[in-house]
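> here you go, sequence then predicted model.
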Amino acid sequence: MPLRASYQVPATKSGICETMNDSDNRQIPRDSLFIMAGLRVDGEQAEHSARIRNLSTGGLMAETSVRVTRGAIVHVNLRNLGWTAGTVAWVQDNRFGVAFREDIDPKVVRAPAGNAVPEAALRKCFAAPPPPPGPKARKLI
């Protein structure tokens with residue numbers, strides 16, 4: 001699974017929330033869905049509830065009553081996947097977008113909680129690649 005580059009947020013004039021506009025452009029397909037997830041904003045101890053409205057390999061759109069700001073680091077507890085870090089990319093009213101630090105497999109999150117993807121499959125998805133093969137050991141006679 002490739003590591004995503006950190007999302008760089010352009011400086012804003014006001015230093016507070018920016019809204020999306022028609023020039024915003026997304027190239028990653030996303031699935032509409034409705035699931036609840038835990039949300040932590042970096043620097044805060046509290047865990048909040050968020051409604052995930054759409055999800056892609058690179059991010060999500062969520063709704064919550066918690067005020068987040070563009071550029072904030074957040075952690076989202078996604079079903080069957082666990083805590084996933086990302087950066088708030090945009091904010092509009094009570095909705096916001098998150099760009100994940102690492103790509104995820106949305107199918108894992110969409111799987112019913114009772115039929116969670118086996119742990120071995122998750123380890124395979126998120127494990128580091130195996131080391132390259134070393135030189136063959138020579139048998140001493």
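Done, it's in.
> state the distance from Thr57 to Val66.
For Thr57, the distance to Val66 equals 25 Å [Cβ to Cβ, to the nearest Å]. The C-beta positions use only the backbone N, C-alpha and C, and glycine is treated the same way.
> quick one: low-confidence residue ranges for the chain.
1-31, 114-141 (pLDDT under 70).
> what's the closest non-adjacent residue to Arg53?
Met61 (4.8 Å; Cβ to Cβ, 6 or more residues apart in numbering).
> from Val109, how far out is Gln92?
From Gln92 to Val109 the distance is 23 Å (Cβ to Cβ).
> the two - which one has more neighbours?
Val109 (21 against 13; other Cβ atoms under 10 Å).
> helix, strand or coil for the more buried one?
helix (DSSP: H, G, I helix; E, B strand; the rest coil).
> spit out the contact partners of it.
Under the criterion of Cβ atoms under 8 Å, 6 or more residues apart in numbering, the contact list for Val109 reads Ile35, Leu55, Leu78, Arg79, Asn80, Leu81.
> now stretch 80-97: buried residues?
Asn80, Leu81, Thr84, Gly86, Thr87, Val88, Ala89, Trp90, Val91, Phe96, Gly97 (16 or more other Cβ atoms under 10 Å).
> ok, stretch 37-48 next?
Ala37, Leu39, Arg40, Val41.
> which residues touch that stretch?
Contacts with stretch 37-48, where a contact means Cβ under 8 Å, 6+ apart, come from 49-52, 62, 64-66, 68, 72-79, 83.
> so how far is Phe96 from Val41?
From Val41 to Phe96 the distance is 11 Å (Cβ to Cβ).
> give the intersection of the neighbour lists for these two.
Jointly contacting Val41 and Phe96 under the rule Cβ under 8 Å, 6+ apart are Val68.
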